[in-house]
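K.L.:
Sequence and predicted structure, then a few things I'm wondering about:
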Amino acid sequence: MGFPGTWMTQSESVVYRVVPKCACSTIGQIMYYSDHGAFFDGDIHDAKGGMHKWALEDSQPMITSNVKAHQSYAFTCVRNPYTRILSSFFDKICGIQRNGKRYRGNLVPLLIQKYGIDVGGPDGKQDFDQIKSFRRFLLFARDTIRWRRPMDPDIHWSAMSGHVSTFIVNGGTYDKIVWTEKFNDGMEDVMKAIETPHAVNIADIPRFNESEGHGPKRAHPVEDYFDDLSMHLVREIYKRDFDLFKYDFDNPGNKMPIAEIDLDEVHKKLGD
């Protein structure tokens, strides 16, 4: 299986396991800048050079040998499950993507038909009941994760622990797990721990939010989207994420972590 979703700088200064919807565009650009002294011109996900990625066949042997021997500092980044699933909904379901089309072609028509979801019209710009629509999407996300129907779960809303675990199961070890909510602090820890060809001042790095502007703006506070049933569904899907990455399940309005991540616990529980 190898190391899907793993990126590494060409200088092999650092290894990163991508978790979708968790600042991955910004992290990729920081890694690129640390090697080249300039940002990649475009969405870092589209870069076919300047960085090793598991998706590029030529990079796979180098990533494999580095990770298995733990030659470089390795990290990943996680986010509050409540805000992550909301972000996925507005970006991937309601939004028009970079190519000018809906995400995954027939996915949105399927959701409109089978789950009664509204996405704000053809361009996503009309008013619609965001809370009602999101809760129906949550049912769909649960169905994909629990029963793999009407389709397999998408990487943008499958549990973070699943992404994080493949790296461990196949022989990798994390030195750090960064919280998106404490991004600068976490990334400064990463930068202090490694040596890069070009110095990076995290405070000066712009945010590369490639999904921004794809979909409608969130009209309500996070907690308004989650009633008792929605929280039950979220627990069913993301219980392990809350437990391992120390987020507050009981209060959807609190996006901040409530305890320190125990790396030993993460490796033990996700390494089976």
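P.N.:
That came through fine.
K.L.:
Please count neighbours and contacts with C-alpha atoms only from this point.
P.N.:
Noted.
K.L.:
Could you double-check that E195 lies in contact with T9?
P.N.:
No - with contacts counted by Cα atoms under 8 Å, E195 stays clear of T9, the gap being 11.3 Å.
K.L.:
Could you check which of these two is surrounded by more residues?
P.N.:
More neighbours surround T9 than the other of E195 and T9, with 24 against 15 (other Cα atoms under 10 Å).
K.L.:
okay, and for the stretch 1-150 of the chain, where does confidence drop off?
P.N.:
Within the stretch 1-150 of the chain, no range satisfies pLDDT under 70.
K.L.:
show me where it has strands.
P.N.:
Remark: strands assigned in the stretch 1-150 of the chain by DSSP state E, counting those that start in this stretch are 6-9, 14-17, 51-53, 73-78.
K.L.:
To F208, which of the ones you listed lies closest?
P.N.:
Judged by Cα to Cα, the one of the strands of the stretch 1-150 of the chain that comes nearest to F208 is strand 73-78, at 14.9 Å.
K.L.:
Show me what that closest one is packed against.
P.N.:
strand 14-17, strand 176-179 (3 or more Cα pairs under 8 Å, 6 or more residues apart in numbering; DSSP states H and E).
K.L.:
right, so of those, which gets closest to R104?
P.N.:
Going by Cα to Cα, the one of these nearest R104 is strand 14-17, 23.4 Å.
K.L.:
Now D152. Nearest residue, chain neighbours left out?
P.N.:
The shortest distance from D152 to any non-neighbouring residue, by Cα to Cα, 6 or more residues apart in numbering, is to T144 (5.4 Å).
K.L.:
neighbours of the one you found, just the number please.
P.N.:
18.
K.L.:
List the contacts of it.
P.N.:
Shown in contact with T144 (Cα atoms under 8 Å, 6 or more residues apart in numbering): P150, M151, D152, P153, D154.
K.L.:
From I145, how far off is the last one?
P.N.:
Per Cα to Cα, to the nearest Å, D154 is found 9 Å from I145.
K.L.:
which residues sit against stretch 68-78?
P.N.:
12-19, 22-24, 66, 160, 164, 171-180, 190, 193-194, 245.
K.L.:
Make TSV from the helices and strands packed on strand 73-78 and add distance to K255 and mean neighbour count to it.
P.N.:
Formatted as TSV, the helices and strands packed on strand 73-78 follow (distance: least, Cα to Cα, whole Å; neighbours: other Cα atoms under 10 Å):
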stretch	distance to K255	mean neighbour count
strand 14-17	22	25
strand 176-179	10	22
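K.L.:
As TSV, these with distance to I44 would be great.
P.N.:
Formatted as TSV, the helices and strands packed on strand 73-78 follow (distance: least, Cα to Cα, whole Å):
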stretch	distance to I44
strand 14-17	14
strand 176-179	19
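K.L.:
Comparing D154 and I145, which shows the higher neighbour count?
P.N.:
For D154 versus I145, neighbours defined as other Cα under 10 Å are more numerous around I145 (18 against 15).
K.L.:
With A259 as the reference, measure out to the nearest residue in space to that one that is not next to it in sequence.
P.N.:
Computed as Cα to Cα, 6+ apart, the closest residue to I145 that is not its neighbour in sequence is P153, at 5.2 Å. If you measure P153 against A259 using Cα to Cα, the figure is 29 Å.
K.L.:
So which of these two has more stuff around it?
P.N.:
Between P153 and A259, P153 has the larger neighbour count (other Cα under 10 Å), namely 19 against 12.
K.L.:
Reduced to three states, what does the more buried one come out as?
P.N.:
Per DSSP: H, G, I helix; E, B strand; the rest coil, the local secondary structure of P153 is coil.
K.L.:
Spatially nearest residue to R240, not counting backbone neighbours?
P.N.:
Using Cα to Cα, 6+ apart, the closest residue to R240 is S161 (6.7 Å).
K.L.:
G253 in helix, strand or coil?
P.N.:
Strictly by three-state DSSP, G253 counts as coil.
K.L.:
Can you name the residues that contact it?
P.N.:
P221, V222, E223.
K.L.:
Select only the buried ones of the residues you listed in ChimeraX?
P.N.:
For the buried members of the contacts of G253, the matching ChimeraX selection, counting by 16 or more other Cα atoms under 10 Å, is:
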select :222
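K.L.:
which of the contacts of G253 lies closest to Q113?
P.N.:
V222 (26.0 Å).
K.L.:
All good on my end, thank you.
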